[in-house]
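*Asks:* sequence first, predicted coordinates after that:
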Amino acid sequence: MASNSTADGKDRFFSALIYVIPLIDAFMFGGFLLQQFPVLQIIYLPIMPLLQFYYQFPFASFIIFIVLFMAVVRNNNISHFIRFNAMQAILIGILLSLFGLIVAYVIQPVFGQGLVTETLYNFAFLGALACGFFGIIQSVLGRYAEIPTISDAAYSQVRF
């Protein structure tokens, strides 16, 4: 939809910062790849304190979702650029949560903890990393990160 933005430096910074949430959400799917390729752990070194905090409290993800949605996405005093990117990061997190539930309660009982489950976890991890880093880069450049289907859903939730 909107490919360019008049986002100032503050908007770009906070929009990029919001995409750390999908990176944190993706961490639980990365166990297989992070074991096989330890060099990938470098990605998580800067946000390791956030990871520990996030996974230490059982409802941290839900609380962050509610706060972001109510205080950022629904707040018309915040720029559309930040609100759109916050909504998109929330949607990526929701997709990861739903994917995790489907794998845990549908795929694993049928296929077990084998190649299919490992492949799906790797897919979710790499997909979330790609979306997260794409969102960070586009936000820093001051552009709306257009991710198919997710961006359309984010646009429908964020008022101008």
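*Replies:* Right, received. Where do you want to start? In this text, all values refer to a predicted model and were calculated from it rather than measured experimentally. Residues are numbered from 1 along each chain as shown.
*Asks:* ok, residues contacting the lowest-mean-pLDDT helix or strand in the chain?
*Replies:* Here the helix or strand of the chain ranked lowest by mean pLDDT, DSSP states H and E is helix 108-111, holding a mean of 89. Helix 108-111 has contacts (CB atoms under 8 Å, 6 or more residues apart in numbering) with T117. Where you see a C-beta, it was placed from the backbone N, CA and C, and this is true even at glycine.
*Asks:* now do stretch 55-74
*Replies:* The contact list for stretch 55-74, computed with CB under 8 Å, 6+ apart, reads 18, 21, 25, 27-28, 53-54, 78, 82-83, 86-87, 89-90, 93-94, 97, 157-158.
*Asks:* what's the longest helix in the protein?
*Replies:* Longest helix of the chain, by residue count under DSSP state H: helix 115-140.
*Asks:* below-threshold pLDDT in the protein: ranges please.
*Replies:* Along the chain, the parts satisfying pLDDT under 70 run over 1-5.
*Asks:* and the helices in it?
*Replies:* Using DSSP H, helices in the chain cover 9-18, 20-26, 31-36, 48-56, 60-67, 80-102, 108-111, 115-140, 150-157.
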